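**Student:** Below are the sequence and a predicted model for it; my questions follow.
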Amino acid sequence: MSETIMMSKKTYVPNKHPKNTARIFKDLDDDADVTRSQYQFFMDIWDFWEVPKGTVYTFLGFKRVSDGKWIEKAIEIRNGAFSTELFDLLTQFNRWDYDQYFCPNAFSKPRRKRQYALPTRFGWCDIDGSDPDAYDPWPNLLWETSPDRYQALWSWDTYHEPDEAERFSKALAYRHGGDRNGWTITKMLRLMGSVNHKPQYDEPYVHTVACDWTEIRARPLALTRDRAKLTSPLAEVDVDPTKFDRVEVIRKYRKDLHPKARTLMGNRKAYEPNRSAQIFHMIAALHEAGACHNEIASVIWPNPYFVEKHGHDIGKLNEEIARVVGKLGDDA
């Protein structure tokens, strides 16, 4: 993946039947084509192959444009199959009269309550206006919900209990600037091919930006600090990267650093393609271990990920540290 992705319409690649690619979301102006494509999309998303045999439930949501009324429909999935009534629902609550939403997760009862949530293979995030390039791991599916605002799904290589799945999704949002209220397992996301009717927009289509269903083995770095004390972003920092010795700083905090962060700090070349995400990981790991700004600067300043992205620009060093520490909370 290049350092900067082009946020334009891309082809949705089905996971369930990849040979159908040419027919999926081919024409967003064609209502019938979009409805068929949405059905195919649900075959990919609601393929709950590791949940209990029998009947499980998931949900569609519709917000009426005329008065904002929320209408929610439980979708019954019996032994892995859901009924064709989906077509009727998508027609009845059509994308021009309703904002359309879906839940990617399964529940044991037809109520979208956390206590009924089942294990899930997904992570999810309202990226909103944050930088999609900064997210690591990179999502399997990224879509634009309105100009320069995004949502995403991560397909892990195994299922996780609801608590753990929420921790991963919360880490993605908090680390990278996503919606801090959008990590719960009951989350509803805008449906691909639907229309965003918010009054400040000119009815844009919700469309694919990136799609790759390769299961993800990596997980987002865990949050180790108390997020209840988060404050507004740090205004400004002024670091001296020569005040501390890089090797001594890494040695001092080594036992508290995530293995991936230690590896990145020791790299002599930038092996990972996403420079922004790796800079974020290193600063976040040092900050959460208790390092001060100057200690962080001593490690980041000569690091190949920073140098390749910014050169030896002290202003950019200050900006990166302020940005990351501001997101995480400067209460070290």
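**Tutor:** Structure's in. What do you need?

**Student:** if I look at the closest residue to Ile75 other than its chain neighbours, how far off is Phe122?
**Tutor:** Leaving aside its chain neighbours, Ile75 sits nearest to Thr58 (5.1 Å; criterion: Cβ to Cβ, 6 or more residues apart in numbering). For every residue, glycine as well, the C-beta is placed using N, CA and C. With distances taken as Cβ to Cβ, to the nearest Å, Thr58 is found 11 Å from Phe122.

**Student:** Spell out which residues are contacts of both of those two.
**Tutor:** Pro104, Asn105 (Cβ atoms under 8 Å, 6 or more residues apart in numbering).

**Student:** how far away is Val239 from Cys292?
**Tutor:** From Val239 over to Cys292 the distance is 9 Å, taken as Cβ to Cβ.

**Student:** So these two - more neighbours on which side?
**Tutor:** Val239 (21 against 15; other Cβ atoms under 10 Å).

**Student:** give the contact list for the more buried one.
**Tutor:** His293, Asn294, Ile296, Ala297, Ile314, Leu317, Asn318, Ile321.

**Student:** Glu166: neighbouring residues, count only.
**Tutor:** Counted with other Cβ under 10 Å, Glu166 comes out at 21.

**Student:** did I read that right, Arg268 in a strand?
**Tutor:** No - going by DSSP: H, G, I helix; E, B strand; the rest coil, the assignment for Arg268 is coil, not a strand.

**Student:** Do I have it right that Thr55 meets Ala81?
**Tutor:** No - using Cβ atoms under 8 Å, Thr55 is not in contact with Ala81; the gap is 10.4 Å.

**Student:** circling back to that earlier point, tell me which residues are up against the helix or strand harbouring the residue nearest to Ile75.
**Tutor:** Using DSSP states H and E, Thr58 falls within strand 55-64. Defining contact as Cβ under 8 Å, 6+ apart, one finds that strand 55-64 is touched by 46, 48, 69-79, 86, 89, 93, 97-112, 118, 188, 191.

**Student:** Now intersect those residues with the helices, please.
**Tutor:** If you go by DSSP state H, these have Leu86, Leu89 in helices.

**Student:** filter the contacts of strand 55-64 to the buried ones?
**Tutor:** 46, 48, 75, 77, 86, 89, 93, 98-108, 110, 112, 118, 188, 191 (16 or more other Cβ atoms under 10 Å).

**Student:** Low-confidence regions, the stretch 151-300 of the chain specifically.
**Tutor:** Applying pLDDT under 70 to the stretch 151-300 of the chain flags residues 224-235.

**Student:** What are the phi and psi values at Leu141?
**Tutor:** Torsion angles at Leu141 (phi, psi; degrees, to the nearest 10) stand at phi -130, psi 120.

**Student:** can you give me the helices for the stretch 151-300 of the chain?
**Tutor:** 162-176, 246-253, 259-266, 275-289, 293-300 (DSSP state H, counting those that start in this stretch).

**Student:** Can you give me the pLDDT of Gly315?
**Tutor:** Reported pLDDT at Gly315 in the predicted model: 83.

**Student:** That one in helix, strand or coil?
**Tutor:** On the three-state scheme (three-state DSSP), Gly315 is labelled helix.

**Student:** Tell me the spatial nearest neighbour of Leu223, not counting adjacent residues.
**Tutor:** Going by Cβ to Cβ, 6+ apart, Leu223 has Ala171 as its nearest residue, at 5.1 Å.

**Student:** Please name the residues that touch that neighbour.
**Tutor:** Pro220, Leu221, Ala222, Leu223.

**Student:** Now do it against Thr91, distance only.
**Tutor:** For Ala171, the distance to Thr91 - Cβ to Cβ - is 38 Å.

**Student:** do the same with Tyr116
**Tutor:** 28 Å.

**Student:** Tell me how far the residue nearest to Ile75 lies from Ile77.
**Tutor:** For Thr58 relative to Ile77 (Cβ to Cβ), the value is 7 Å.

**Student:** circling back: which of Tyr116 and Thr91 has more residues huddled nearby?
**Tutor:** Tyr116 (17 against 12).

**Student:** give me every residue that touches the more buried one.
**Tutor:** Contacts of Tyr116 (Cβ under 8 Å, 6+ apart): Phe107, Ser108, Lys109.

**Student:** mind running it again at 10 Å?
**Tutor:** With contact set as Cβ atoms under 10 Å, 6 or more residues apart in numbering, Tyr116 has these partners: Val56, Tyr57, Ala106, Phe107, Ser108, Lys109, Pro110, Pro162, Ile185, Thr186.

**Student:** Would you point out the most distant pair within those?
**Tutor:** Pro110 and Pro162 (17.1 Å; Cβ to Cβ).

**Student:** in stretch 271-290, what counts as buried?
**Tutor:** In stretch 271-290, counting by 16+ other Cβ under 10 Å, buried: 274-289.

**Student:** Is Val56 bridged to anything, and to what?
**Tutor:** Beta bridges link Val56 to Ile77, judged by DSSP bridges.
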